[in-house]
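[1] fold the following and give me the result.
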Amino acid sequence: MRPPVRQTLFPQQLDDSRGHEIARALLDGFDKHYRLFREASASAKQRFEQADWHGQQRAQRERIEFYDLRVAEAAERLQAEFEAGTLAMGIWQQVKLHYIGLLTHHHQPELAETFFNSVTTKILHRHYFHNDFIFVRPAISTEYIENDEPAATPTYRCYYPTRESLRDTLMRVITNFRLQVAFEDLARDVDAVLAAMLLRLDQDGPFRARANFQIQVLSSLFYRNKGAYVVGKVVNGYSEAPFALPILHLDRPEGAAPKLVIDAVLFGEDDLQMLFSFARAYFLVDMEIPSAHVQFLRSLMPRKPRAELYNALGLQKHGKNLFYRDFLAHLQHSSDSFRIAPGIKGMVMLVFDLPSFPFVFKLIKDFFPEQKDTTREQVQRKYLLVKQHDRVGRMADTLEFSNVAFPLSRFDEALLAELRHFAPSQLEFSERASDGGHGGPRELVIRHVYIERRMVPLNIYLQDATPIQLENAVIEYGNAIKDLVAANIFPGDMLWKNFGVTRAGKVVFYDYDEIEYLTDCNFRRVPAPRNEEEEMSGEVWWPVAPRDVFPETFAPFLLGNPQVREVFMKHHADLLDAAFWQGHKQRIAAGHVHDVFPYEPGKRFAVQRAQAAA
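    Just a heads-up that it's a prediction; the model follows:
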């Protein structure tokens, strides 16, 4: 399709019936998508009750794939029924207007707008990618959307206890979710929650219930991995205390009836930020009105961008859309230049950033050094693996974009030279699409790019760390690897430079080109040398098959710094032993799903009870 000639924003009248038919077909495609998305999310409750952890993981993977399948279906329908790729600009403007009208009373209008963008950008030329034709800016407000159906479940429930009735109210909060598995001892668990809650409420002086004292709890449980989470807040006067209650299955002998426990209570924005971290998998949540859930979560975590909250709820395509809008706004109000990202340059990915923007941009190079036996397609599959996997708080989420336009004037010369040398196939230089391609400022269009939250590379962090910071970082590094192992992930390249440190001090893996499933690797000990020549050899003299891993050989690459070595050997020497890896591989292959908690072990009630008993 030819680039459009820019004219008035919208046609003077809606005079082509195809506009409404196409809009209706687009909304039908979205409604089908969201119905299937919601069914997968709602059935998480039954899978949790049945302890069907593999089914939960499978549903999570499949749900991620739903969106692209529905987009492809909708695009094919528009081409087959309307020859959409040949339609005039005026008709497409009418399509958008009709679509806006159809969304007036819709419960997920913001998601439907994103779906519209996804389908139309598969059909239209890139020069149509501005607000005349797609939703660069939202058209429908998501404020105060309500489900007015008589039997509708509210987004959140309000409870109005007194101090004396607080325990009974907490019991009612839990039982209202109607889980079909009995608790081991709900009264005991509620007493522990009550004690922690009163301690929290008393921290600024003796707790006194104000006139508006209430507990607000989202009506849907949040399911992920092997947990179900109650999410809410305590409101008292002008103070609000966000909280979450993890509910888990108790480990039971085989054949014993299942039992549930409230495992901990998480309080405050920092705890919830960890629960909703960008390094964790998406929750399965049954939502009629997603924007209302996001608005509630924003009241608990005001520092977390709406884009990340939509991502956390499994609505990552809309999260991408919001992220891109935020990015465009940031470009409009900043003037610094894109540069090569600080740190050791990668052999597979070219990484750049904008100093004023807290993300990095990664694109796959056109060629790799000899020691990197991989292809562009294989690297893309690795990143897709991470997208679909439970990231257990240790792998950064990535936003994947195609044909992203950047202002060319904002690129420094060193970065442009790197891009032209290492990834020329991914570059296109053009006029600005928003000016219709006629004389606007030049743009650099990158055909395929991954975007990740910026972190301090661990190798750089260790260079400047105090002794205490170094110890904590090395312990965290080992914990990160062990969490990945529990999730059936072998990082491949375990060098410090491939891990980052978050603002909260967590260590997160972010370089995925050598990642493998743990169960696909063969962990071996280095064979004993058979003669003096082999013993003195500086080269690998033993046979090595593809995916063979020798953990004891990690030490020379990781532990050159004596301080690092001391901490590592004290806390994580088992990572250098093939038996550690083999044991986890065997358990995972036998069907075991490990618990990986989004909170510290000391917060667990079972740990606290054990410590009290000791």
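[2] which helix runs longest in this structure?
    Secondary structure of the chain per DSSP state H: the longest helix is helix 53-82.
[3] that helix: how far from the chain's middle?
    The chain centroid and the centroid of helix 53-82 are separated by 18 Å, computed with C-alpha atoms, centre = their mean, to the nearest Å.
[4] so how far is the helix or strand immediately after that helix in the chain from its chain's centroid?
    Next along the chain after helix 53-82, taking DSSP states H and E as the criterion, comes helix 89-102. On the basis of C-alpha atoms, centre = their mean, helix 89-102 sits 33 Å off its chain's mean C-alpha point.
[5] buried residues, helix 89-102. List them.
    Buried residues in helix 89-102, counted by 16 or more other C-beta atoms under 10 Å: 89-100, 102. All C-beta spots, glycine's among them, are computed from the backbone N, C-alpha and C.
[6] what do you get for stretch 375-383?
    Residues of stretch 375-383 classed as buried: Arg376, Val379, Lys382, Tyr383 (neighbour count, 16+ other C-beta under 10 Å).
[7] which of these sits closest to Phe267?
    Nearest to Phe267 among these is Tyr383, at 34.9 Å by C-beta to C-beta.
[8] give me the contacts around the host helix or strand of that closest one.
    Per DSSP H and E, Tyr383 falls inside helix 376-388. Helix 376-388 is contacted by residues 60-61, 64-65, 348-349, 364, 366, 395, 397-398, 400, 450, 512-515, 517 when judged by C-beta atoms under 8 Å, 6 or more residues apart in numbering.
[9] among these, which are in helices?
    Judged by DSSP H, the subset of the contacts of helix 376-388 located in helices is Gln60, Arg61, Ile64, Glu65.
[10] identify the spatial nearest neighbour of the second one, chain neighbours not counted.
    Okay, so that is Arg61. Once flanking residues are discounted, Arg61 sits nearest to Gln388: 4.4 Å by C-beta to C-beta, 6 or more residues apart in numbering.
[11] and for the last one?
    Of all residues beyond its chain neighbours, the one nearest Glu65 is Gln388 (7.8 Å), with distances taken as C-beta to C-beta, 6+ apart.
[12] got the buried residues for stretch 301-316?
    301, 304-316.
[13] could you list which of those belong to helices?
    Arg306, Ala307, Glu308, Leu309, Tyr310, Asn311, Ala312, Gln316.
[14] ok, of these, which one's closest to Arg609?
    Arg609 has its nearest neighbour among those in Ala312, at 30.6 Å by C-beta to C-beta.
[15] identify the residues contacting the residue nearest to that closest one when sequence neighbours are not counted.
    Of all residues not flanking Ala312 in the chain, Phe276 sits nearest, at 4.7 Å (C-beta to C-beta, 6+ apart). Phe276 makes contacts with Leu297, Met301, Lys304, Glu308, Leu309, Ala312, as judged by C-beta under 8 Å, 6+ apart.
[16] looking at those, which one is closest to Leu26?
    For these, the minimum distance to Leu26 (C-beta to C-beta) is 25.3 Å, reached by Leu309.
[17] what's near enough to touch Leu36?
    Applying C-beta under 8 Å, 6+ apart to Leu36 gives the contacts Phe66, Arg70.
[18] assign it to helix, strand or coil.
    helix (DSSP: H, G, I helix; E, B strand; the rest coil).
[19] and this protein, what are its domain boundaries?
    Structural domains annotated on the chain: 17-128, 156-314, 334-454, 459-606, as defined by automatic domain parsing.
[20] among the ones in helices among the contacts of helix 376-388, who's most crowded?
    Within these, most neighbours by other C-beta atoms under 10 Å means Gln60, with 23 neighbours.
[21] what pLDDT is listed against it?
    On pLDDT, Gln60 comes in at 92.
[22] before we move on, what about Val567?
    On the pLDDT scale, Val567 is placed at 97.
[23] in the helix or strand hosting it, which residues are buried?
    According to DSSP H and E, Val567 maps onto helix 562-572. Neighbour counts over helix 562-572 (16+ other C-beta under 10 Å) mark Val564, Val567, Phe568, His571, His572 as buried.
[24] quick check, the third one in contact with Gly560.
    In this case it means Phe568. No: if you go by C-beta atoms under 8 Å, Phe568 and Gly560 don't touch, sitting 11.1 Å apart.
[25] who touches both of those two?
    Listed as contacting both Phe568 and Gly560 by C-beta under 8 Å, 6+ apart is no residue at all.
[26] low pLDDT regions in this protein?
    Applying pLDDT under 70 to the chain flags residues 1-12, 431-441, 531-539, 541-542.
[27] recalculate using a threshold of 50.
    1-8, 434-437 (pLDDT under 50).
[28] so Val234 is in which element?
    In the assignment (DSSP H and E), Val234 maps to strand 227-236.
[29] could you look up the next helix or strand downstream of that strand?
    On the C-terminal side of strand 227-236, the closest following helix or strand by DSSP H and E is strand 239-249.
[30] and the angle for that following strand with strand 227-236?
    Inter-element angle recorded for strand 239-249 and strand 227-236: 160 degrees (by axes from the mean of the first three to the mean of the last three C-alpha atoms, to 10 degrees).
[31] what comes up buried for strand 239-249?
    Quick answer for strand 239-249 (16+ other C-beta under 10 Å): Ala241, Pro242, Phe243, Ala244, Leu245, Pro246, Ile247, Leu248, His249.
[32] and the strands in the stretch 201-350 of the chain?
    214-218, 222-224, 227-236, 239-249, 260-262, 266-267, 339-340, 349-353 (DSSP state E, counting those that start in this stretch).
[33] just send these back as a markdown table, with distance to Val507 too.
    Shown next, in a markdown table, are the strands of the stretch 201-350 of the chain (distance: least, C-beta to C-beta, whole Å):
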| stretch | distance to Val507 |
| --- | --- |
| strand 214-218 | 30 |
| strand 222-224 | 21 |
| strand 227-236 | 22 |
| strand 239-249 | 22 |
| strand 260-262 | 29 |
| strand 266-267 | 20 |
| strand 339-340 | 23 |
| strand 349-353 | 18 |
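[34] most neighbours per residue, which of these?
    Of all the strands of the stretch 201-350 of the chain, strand 222-224 has the most neighbours on average by mean count of other C-beta atoms under 10 Å, namely a mean of 24.
[35] who's in contact with that one?
    Applying C-beta under 8 Å, 6+ apart, the contact partners of strand 222-224 are 44-45, 47-48, 56, 60, 228-229, 231, 244, 280-285, 390.
[36] and stretch 549-559, by the same measure?
    Identification of contacts with stretch 549-559 by C-beta under 8 Å, 6+ apart yields 490, 494-496, 521-526, 544, 564-565, 568-569, 575-578, 580-581.
[37] and that stretch, how far apart are its ends?
    Start-to-end span of stretch 549-559 (C-alpha to C-alpha, to the nearest Å) is 18 Å.
[38] for Met349, see how far away Lys382 is.
    From Lys382 across to Met349, the span is 11 Å (C-beta to C-beta, to the nearest Å).
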